[in-house]
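>>> Task: produce atomic coordinates for the following.
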Amino acid sequence: MLMEASFAELRSKNITKQLPADELKQRVADFLKSQNVCVLCTSKGDVPRATPIEYYSEGTTLYILAGEGTKIENIRANPKVSIGIYSTPYTDWTDWYKVIGAQITGLAKLLTEDNPEYSDALKVYQWQLYAKARGWDLSTPTKRRYHNQGGGTKN
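Numbers count the residues shown, from 1 in each chain. A predicted model of the protein is given here:
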């Protein structure tokens, strides 16, 4: 369970003691589980890209399902990524202290159907919810039907 304390409260107590690693990891995992949208930051050469995208987590591992595009090209060229997640936007300086957030920097690993970890990742990533809402084929995540403006479909 995520324990929420206001930043102002923590600041006023002059907390200097670091949490034990296992407790910190659990708090981070609980926060990640409580959210499902992040900003994925990638880059290729000197061109950065920030993409808001849905994710699901297991522990401190995030799973993102994405089609081919610039973010995937960038990860292939440079697997170093950064992700920003926050609980809620603030409306004035007094409620800024209520925002809970995380910034994670690391290496992305692209999983494809031929990777043994792929099926485990799909169990964590709840792709069926989105596919069902869009009216897509639920047989596999790669067999969805995308509808274009002309009314036709493509796989």
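
>>> per-residue confidence at the residue nearest in space to the middle of the chain?
Relative to the mean C-alpha position of the chain, the nearest C-alpha, by CA atoms, centre = their mean, is the one of Y55, at 3.8 Å. Predicted confidence (pLDDT) for Y55: 91.

>>> where along the chain do the helices fall?
Counting by DSSP state H, the chain has helices at residues 7-12, 21-34, 70-77, 117-124, 127-134.

>>> wait, doesn't the residue nearest to the centre of the chain sit right on A66?
No. With contact defined as CB atoms under 8 Å, Y55 does not reach A66; the gap is 10.0 Å. Where you see a C-beta, it was placed from the backbone N, CA and C, and this is true even at glycine.

>>> Now render the helices of the chain as a markdown table, adding mean pLDDT.
Below are the helices of the chain laid out as a markdown table (pLDDT from 0 to 100):
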| stretch | mean pLDDT |
| --- | --- |
| helix 7-12 | 60 |
| helix 21-34 | 91 |
| helix 70-77 | 94 |
| helix 117-124 | 83 |
| helix 127-134 | 80 |
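
>>> With distance to T60 as extra columns, can I get these in CSV?
Formatted as CSV, the helices of the chain follow (distance: least, CB to CB, whole Å):
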stretch, distance to T60
helix 7-12, 22
helix 21-34, 5
helix 70-77, 19
helix 117-124, 12
helix 127-134, 21
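
>>> Most tightly packed of those helices?
helix 70-77 (a mean of 16; mean count of other CB atoms under 10 Å).

>>> List the contacts of it.
Contact with helix 70-77 is made by L40, T42, S43, K44, G45, R49, T51, I53, A66, V81, A108, L110, as judged by CB atoms under 8 Å, 6 or more residues apart in numbering.
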